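# Okay, structure incoming, though there's no sequence with it:
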């Protein structure tokens, strides 16, 4: 590891300060306000009986996610997608990513014919909003499942979550692979990668994109290593937060 | 005043606990997270040079507002308006109300050819979201104007805000006029009214609706009195919050 | 009352010429072409058996309204909302207002599981279109209910309409409160108010907005008095029209 | 011609009662409320200086039309296209037809760089709404052009309208060709045809569709003959109406 | 017939080279890639059991069509209608035309409660795309019906197609009626007509429009004659193609 | 490599038959009909002078892509996105991917202020449509650039394409990593990955998703190896096709 100074003084393999305020919402069955530095995402999990029509009668549940950003989460204001009358490509793409990431650790048979919708609303954006969303959404999801179990909508012994999941961004800036990019880093990155990793250290999703120069296998390997280590730290934070009494 | 016991123990002319976290957002030129009990609205003010085309060259600025609710702000989840592809009537109506309320205390000539967009996003809803939005939006607006003045986008001596503005809901429940209805009260109200009042005690907007039985003039007068007194208390909270060093 | 001369020579407390052509439409179960001076609104009431899904099985009926304006009802042409692909905030807001106003005098239990949709289409606009719409809609509604009763969709003894409803605009121009503003007056009004009043003189809706200077309690009281008196005259016109043989 | 009795007692080659109330609208530059029996269409013509961007600088004007139907123009209510958020195929198709029909008699060079938009709103529908729309639109268009000429937006000697245009429906019912179908006839027609004919008797548009059995050349010829004769009568009505002092 | 030289050397009553590649798609129940010169339209027929709700239980099937154009089918690129979020008037109009043309030769009783959707996607456009679409769609439809019969979704003896259908464009250029206009001819045509004719020589649809000068009866007759003869040739090509073993 | 038999008899590291019909379209500046087995994608490149407004005056060009699927490209018909009025998340996501992949090998400075839009329309789908689209789009793009250079819209010596780009899908089925999945394989894959690789063998994009069990580093490595080798073969096919005289 070289002796790089990042804008905020972090080491190249260091996360920003990560906090997860579990139970932020008084309304949702599970919720978490997750912060990665100045990036703040409110994740709520809504538990309802029944499943979408296409899944009815299969004895399985459904977990899905929607991601969105408040218009002034970013440095300059963006028009609301509700006002524009259509959801942008980026929003769709991230919503799908978050949903896939969560479903990767859920046993939908054990969930039974119940639906959990996770809403991830970015209140403030400073890079890494989609990975923060996944990391916080897991906590909200875990609490919604606990809620359902307490009320006997889910079997008492069913293992709905067979693993945990977290995500982090990594990227190459000035040739140097780095963990957890803040916005000022993200816009300069030659390569940008999001990795979604389970608590056991397996990959759920690897999305690497050359924004500038294409990358080679050794750079890819270094990015994956940083991402896996970052996700292990996030898993520990999730575990601690979920262990607390509520 | 009769000896009514409200669900949360308040007197009929008592506000819920009101707090305004000024400067909640690190991105916006002005911001406030306002709470009326469990109702929580994030208000951000975005300051930009220039005005919409229809106002260009008139030497006047523009202030507008958009109101929205997170899908799980409420007790059961609502579909996102961005997903539905259209904004509902209620959302439109409240956005227009908030904008009108703010413009009533702004001298757009003094603002100069600048635009301020106020976004009011309801993070948690427990009745009175539109009046909380107006009350918080005023604080965000004041800070955005101060921001513009510091950067000389606004004249140093211009009085852009010639008064303050706050709003509160009032209603009649079981024949009894009450101040600042929580959601459980709101759904039972025979008459529901929102009053928007300036710091000097003048009306900007009076919107009273008979949800159940129509109301007579004496009931209307009692509601207005409660509302005016409530807004005076809100004005004092706004003043205190804005007096603090930032 | 001062000695004000209005553009059209009316006294400050005088309505424009109001006519209601009952049964204008050969297709609808109830209809009225209402005119307030040059403002002309075609109101049709469509009676159908059954109710929206969310109301099914509750033994109640449903009354709703839709307001719209022809593109060249106004002095300059507006794009059609169907062409723009979305309904504007103003249209939504007025549709909701008309529906609430009518429901305030309907006993939905007595209506039974039937739905009445009132369409109010502004053919020509010269101020006060929403209040004209409410006033005409009541006549169309009354006839649609009579239609349903004749055909035994509604019980013969059921009192579906337990009161009548009418509406009028009032406003302050150059400091003077006035009744029933024409368009040229409306654009100059400092305060604009719509009052919806039942035949018995009770308020259903009071919507006052300071377009210019905020208003005080005594101005509000004078506006309400003008509005209540205007609605009483409108009620008499409605009664006369509905008493005629068809 | 056989001895057919039509539902309303007309001869097979007889128009319904046709009336054109010229200048119905106080707002538009030209207007006509046209009735073909119970079919009633309000046609307004909006004259504005300038042309759409794609036509700018070519020294030509533009005439276009929009057709729509009020929700309760028909025997059962249809949802508004503004509420559905999209214009149906039928509406588009008829709007285009009306525009083409009018442009066929307009010298756009003589019109100069001005735009006339014709709105045809069906207030009551009983068959033949599109042909009634064309017939009434011509009158509104003629008055809008006169309006423009009086105000010198159009050259005093320019012949903008070099011919007139009218339209009528014809169809085959029970093997019998008939003129100007009412709705009860239209739904039973095996073949349905709309003919648009100029005052000089030339075809602008011929649209024949076999709704039931396909038709042969001799049937087609008989339909065209009926249509041409019907349009000649409509031309005479237009001429009379336009000759009146306003 | 005069001695006209067309841009591509054809006689005025001569079709372009027409080919129909039957079974182009490996996925659809019936398909054809039809070419009229450089105009190429992919027609696929999708057979499904059941009918739309409004037709359920009537013992009849349903045939419908959708027409669309790839964005770069034409000489300059057009925005996608999916991106614009709405279907244009022309697309709607042609989809409806294709559907009507096909239904004119289908016995929906014999089809039984099955639905066939024909998609006509223009891959390359050089005039006459709607008539090519109808001509190719008939072949795809015939194969989808054969597919349904083989699988016993349709009665073995039912005559679903009681005739064939083809279509061609005709037009008047420099006063000369011509068959099957290529794009360069189409844009110059004074009159443009599409004729849809059954295999037995009866008219299903006649749509003639004066783009320039209105036309008289003798011109109309000449256009119809050219169209009928062109459709007879297309019918022979369809017959040959459908007779081949697959 | 184990001795796996795939449904179509291929080896695990074997591509389907790949063909690229260069210049398929007579209208576009560049085009290619690419087939990976039964997957067929029509790629057209549209070259226009000028750039989107946000890029004006920066001396750079713009390359973007749109991906779509015909409704019956797949085994069962999907509703058109134009009819639904909105583009789905998957379509957006793939359009963005194709655009990024192409831009990774384009020097936009060398392109000058010109825009190239690549349309990738899936005519028939059998797995791997997005990777086939990228592979074909590169050929269409190369030809559009050559077209622009011939006409001097691009400098004669400018190296616009500094590398080539191709893409292929890989996945793990029954624990076995495999190259270029057909649809029947794709639906069974535990892990699905798309790799986009330049002619020089560098990564532009790596998108791996665990559809079933999460994957470990050694599986990821094997998938990347298969993908890189597959892309090298595709690059050779592209090179051969582009070397041919046109």
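Nice, I can see it. Predicted model only: the values in this text are computed from it and were never measured. Numbers count the residues shown, from 1 in each chain, chains lettered A, B, ... in the order given.
# Which strand or helix spans residue A:32?
Using DSSP states H and E, residue A:32 falls within strand A:30-36.
# I misspoke; the intended subject was residue A:240.
Using DSSP H and E, residue A:240 falls within helix A:217-243.
# pLDDT of that helix, averaged?
Across helix A:217-243, the average pLDDT comes to 97.
# and that helix, how far from the chain's centre?
Chain-centre distance of helix A:217-243: 12 Å, with CA atoms, centre = their mean, to the nearest Å.
# and what of stretch A:51-71?
Worked out by CA atoms, centre = their mean, stretch A:51-71 lies 16 Å from the chain centre.
# now check it, is it near chain F?
No. No part of stretch A:51-71 sits close enough to chain F to count as contact by CB under 8 Å from any CB of the partner chain; the gap is at least 10.7 Å. To be clear about C-beta, it is placed using only N, CA and C from the backbone, and glycine gets the same treatment.
# try stretch A:168-186
No. Residues of stretch A:168-186 are not located near chain F by CB under 8 Å from any CB, the shortest gap being 11.5 Å.
# again with stretch A:213-227
Yes. Against chain F, stretch A:213-227 shows contacts by CB under 8 Å from any CB at A:213, A:214, A:215, A:216, A:217, A:220, A:224.
# number of nearby residues for the closest residue to the fifth one other than its chain neighbours?
If I follow you right, that is residue A:217. Excluding the flanking residues, the one nearest residue A:217 by CB to CB, 6 or more residues apart in numbering or on different chains is residue F:224, at 7.0 Å. Residue F:224 has 22 neighbouring residues, counting by other CB atoms under 10 Å in any protein chain shown.
# again with residue A:223
Counted with other CB under 10 Å, the neighbours of residue A:223 add up to 25.
# how about the residue most central in space within chain A, secondary structure?
Against the mean C-alpha coordinate of chain A, by CA atoms, centre = their mean, the closest residue is residue A:134 at 1.1 Å. At residue A:134 the chain is in helix, as set by DSSP: H, G, I helix; E, B strand; the rest coil.
# thought it was touching residue A:101?
Yes. Using CB atoms under 8 Å, residue A:134 is in contact with residue A:101, at 4.8 Å.
# Tell me if stretch A:134-153 is near chain F.
No. Stretch A:134-153 does not reach chain F (CB under 8 Å from any CB); its nearest approach is 13.3 Å.
# what does stretch A:111-125 give?
No. For a cut-off given as CB under 8 Å from any CB, stretch A:111-125 has no contacts with chain F; the smallest distance is 15.0 Å.
# Are that stretch and chain B in contact anywhere?
Yes. Against chain B, stretch A:111-125 shows contacts by CB under 8 Å from any CB at A:117, A:119, A:121, A:123, A:124, A:125.
# which regions of chain A lie under the pLDDT threshold?
A:1-4 (pLDDT under 70).
# how about the residues of it near chain B?
Close to chain B, as judged by CB under 8 Å from any CB, chain A has residues A:25-28, A:31, A:38, A:42, A:44, A:46, A:48, A:66, A:68, A:70-77, A:80-87, A:91, A:117, A:119, A:121, A:123-126.
# let's see it at 6 Å
Listed as neighbours of chain B in chain A under the rule CB under 6 Å from any CB of the partner chain: A:26-28, A:38, A:44, A:46, A:70-72, A:75, A:77, A:81-82, A:85, A:87, A:119, A:121.
# contact partners of the strand holding residue A:32?
Contact with strand A:30-36 is made by A:16, A:18-25, A:41-45, A:128, A:132, A:135-136, A:139-140, A:143-144, as judged by CB atoms under 6 Å, 6 or more residues apart in numbering or on different chains.
# ChimeraX command for the buried members of those?
In ChimeraX syntax, the buried subset of these is picked out as below (16 or more other CB atoms under 10 Å in any protein chain shown):
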select /A:16,18,20,21,22,23,24,25,41,42,43,44,45,128,132,135,136,139,140,143,144
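# among the contacts of strand A:30-36, which are in helices?
Judged by DSSP state H, the contacts of strand A:30-36 include A:132, A:135, A:136, A:139, A:140, A:143, A:144 as members of helices.
# what would these look like in TSV with distance to residue F:189?
What follows is these, written out as TSV (distance: CB to CB, whole Å):
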residue	distance to residue F:189
A:132	29
A:135	26
A:136	29
A:139	30
A:140	29
A:143	32
A:144	29
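# and the strand or helix carrying residue A:167 with strand A:30-36, angle?
Per DSSP H and E, residue A:167 falls inside strand A:165-173. Using axes from the mean of the first three to the mean of the last three CA atoms, to 10 degrees, one finds that strand A:165-173 and strand A:30-36 are set 20 degrees apart in direction.
# Strand A:165-173 pairs with which strands, and in what direction?
Paired with strand A:165-173 in the same sheet, following DSSP bridges, are strand A:176-179 (antiparallel), strand A:191-198 (antiparallel).
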